[in-house]
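In: following is a predicted model, sequence given first.
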Amino acid sequence: MKSVRLTTLLLAGVLALCGPAAAGPVTVPLATDLEADGYEAKRRRLPILILFSQPECGYCELVKEEFLRPMIRSGEYEDKVLIRRVELGTYDTLLDFDGGEMEADEFAHRYGASLTPTVVFLDAGGRPLAPNLVGVVAVDFYGGDLDARIDEALARLRAARLSRR
C-alpha cells in the first residue's frame, strides 16, 4: 500500500513538472466559429489573435512552431489573448463574427492578409486593435514584435471598455 501511494505521488510530481505538454501535442486552434470565439473574447475581455497561414509556407510553420505553440504551451497568454489560425488556399469555410458563413480566403481579404504569415489582432466583434504583423522580417525580433502587438491590442481593448463606463 505504501508503494502505491509513493508511486502515485511520484507520478503526480512528474506530471506537474511536465505541465501542459504532458497532455499531448499543442496545436494552434483553427478558427471555425468566430462568433463563438467573439463571445469568449468578450466574456474574458481578451483580444483575438488570428494567424493567416497556408500549407507549404515555411515561415507560417516557423511562427506556429517557434512562437504560437510555445505561447499556448506556457499558459502565460491565457489571460492575454485568444489564439486562432485560418488556413488559406484550402477552400475551408468558417463562421464569421456575425454568424454568417464565409470562405477563409474572403475572410483574409477583409483584413488585408494577402501574404502569409499575417497575424491580426481583433476585438470580439472583429474590429482591428493593433497593426497587422506581416511576414517574418527578423526571427530574433519577431517574439518581441508579437508581444508588443498583443499588449497594444489588450491596452486598446481595456481603454475602450473604460471609456464606455
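Out: All right, it came through fine. Numbers count the residues shown, from 1 in each chain.
In: where does the prediction get shaky in the chain?
Out: 1-24, 161-165 (pLDDT under 70).
In: where exactly do the strands run in it?
Out: 48-53, 82-87, 93-95, 101-103, 118-122, 128-134 (DSSP state E).
In: make TSV out of the ones you listed and add mean neighbour count and distance to residue 28.
Out: Glycine gets a C-beta too; all of them are placed from N, C-alpha and C. As requested, the strands of the chain are exported to TSV (neighbours: other Cβ atoms under 10 Å; distance: least, Cβ to Cβ, whole Å):
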stretch	mean neighbour count	distance to residue 28
strand 48-53	25	6
strand 82-87	22	5
strand 93-95	17	15
strand 101-103	13	20
strand 118-122	25	11
strand 128-134	18	15
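In: who wins for proximity to residue 30 among the ones you listed?
Out: Set against residue 30 and scored by Cβ to Cβ, these come closest in strand 82-87, at 5.9 Å.
In: got a list of contacts for the closest one?
Out: 28-31, 34, 37, 40-41, 44, 46-55, 64, 68, 71-72, 77, 92, 94, 104, 107-108, 113 (Cβ atoms under 8 Å, 6 or more residues apart in numbering).
In: number of residues surrounding residue 70?
Out: 15 (other Cβ atoms under 10 Å).
In: gap between it and residue 147?
Out: As judged by Cβ to Cβ, to the nearest Å, residue 70 and residue 147 stand 12 Å apart.
In: what does residue 34 give?
Out: Per Cβ to Cβ, residue 34 is found 23 Å from residue 147.
In: could you check which of the two is surrounded by more residues?
Out: residue 34 (26 against 15).
In: look up phi and psi at the nearest residue to the more buried one once chain neighbours are set aside.
Out: Leaving out its chain neighbours, the residue that sits closest to residue 34 by Cβ to Cβ, 6 or more residues apart in numbering is residue 97, at 4.9 Å. When read as degrees, to the nearest 10, the backbone of residue 97 gives phi -60, psi -30.
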